[in-house]
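Trainee: Sequence and predicted structure below; questions after.
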Amino acid sequence: MAASAAVIKRGAAGDLFFRIVDVTLDSSYPTGGYPLAAKDMGFGSNGQIFMVDPGTMSKTGGWLCAWDYTNSKLQVFDSSGAASAVSHEVAAATVLTGVVVRLLAFGQGQG
């Protein structure tokens, strides 16, 4: 099973469109993160994503999220280490079932 995306809100800000998207994670984190295309976030098949802010998670558990702009992937990091330790991406196949990440995405295109 892969992560599933649901568009919660659509809007416009100047010449950009925004989407608020809930991404529900699954039972097997893929190496490098969950791939999400512009169409998954409501920007259409030919849409472009310019900015993604992975703001909040439904269950934190010491995890942080980041957006990989180069590969269009939502990454999850483990922040439960020592105070001065760098957060590392969670291991492949980590179970994140039921965790929902709310994204704010800006881009162009309609879907």
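Mentor: Received it, and whenever you're ready, just let me know what you need.
Trainee: how near is the most centrally placed residue in the chain to Ala83?
Mentor: Geometric centre of the chain, nearest residue: Leu74, 3.8 Å, by CA atoms, centre = their mean. According to CB to CB, to the nearest Å, Leu74 and Ala83 sit 26 Å apart. Any C-beta I mention is one placed from the backbone N, CA and C, and that applies to glycine too.
Trainee: Now that Asn46 has come up, it's in contact with Gly109, right?
Mentor: Yes - contact criterion CB atoms under 8 Å: Asn46 and Gly109 qualify, at 5.8 Å.
Trainee: Quick one: neighbours of Ala93, just the number.
Mentor: 10 (other CB atoms under 10 Å).
Trainee: can you tell me which residues contact the nearest residue to it once chain neighbours are set aside?
Mentor: Leaving out its chain neighbours, the residue that sits closest to Ala93 by CB to CB, 6 or more residues apart in numbering is Ser28, at 4.9 Å. Ser28 makes contacts with Met1, Ala92, Ala93, Thr94, Val95, as judged by CB atoms under 8 Å, 6 or more residues apart in numbering.
Trainee: If you rank those residues by neighbours, which is first?
Mentor: Result: Thr94 is most packed of those (other CB under 10 Å), 15 neighbours.
Trainee: Once you drop chain neighbours, what's closest to it?
Mentor: Closest residue to Thr94 apart from its sequence neighbours, by CB to CB, 6+ apart: Tyr29 at 4.2 Å.
Trainee: Now do the one you found against Val21, distance only.
Mentor: Using CB to CB, Tyr29 is found at 18 Å from Val21.
Trainee: now do Gly47
Mentor: To Val21, Gly47 is 13 Å away according to CB to CB.
Trainee: These two - which one has more neighbours?
Mentor: Applying other CB under 10 Å to Gly47 and Val21 shows that Val21 carries more neighbours, namely 23 against 20.
Trainee: thought the more buried one was touching Val100?
Mentor: No - counting by CB under 8 Å, Val21 stays clear of Val100, with 10.3 Å between them.
Trainee: Understood, closing this out.
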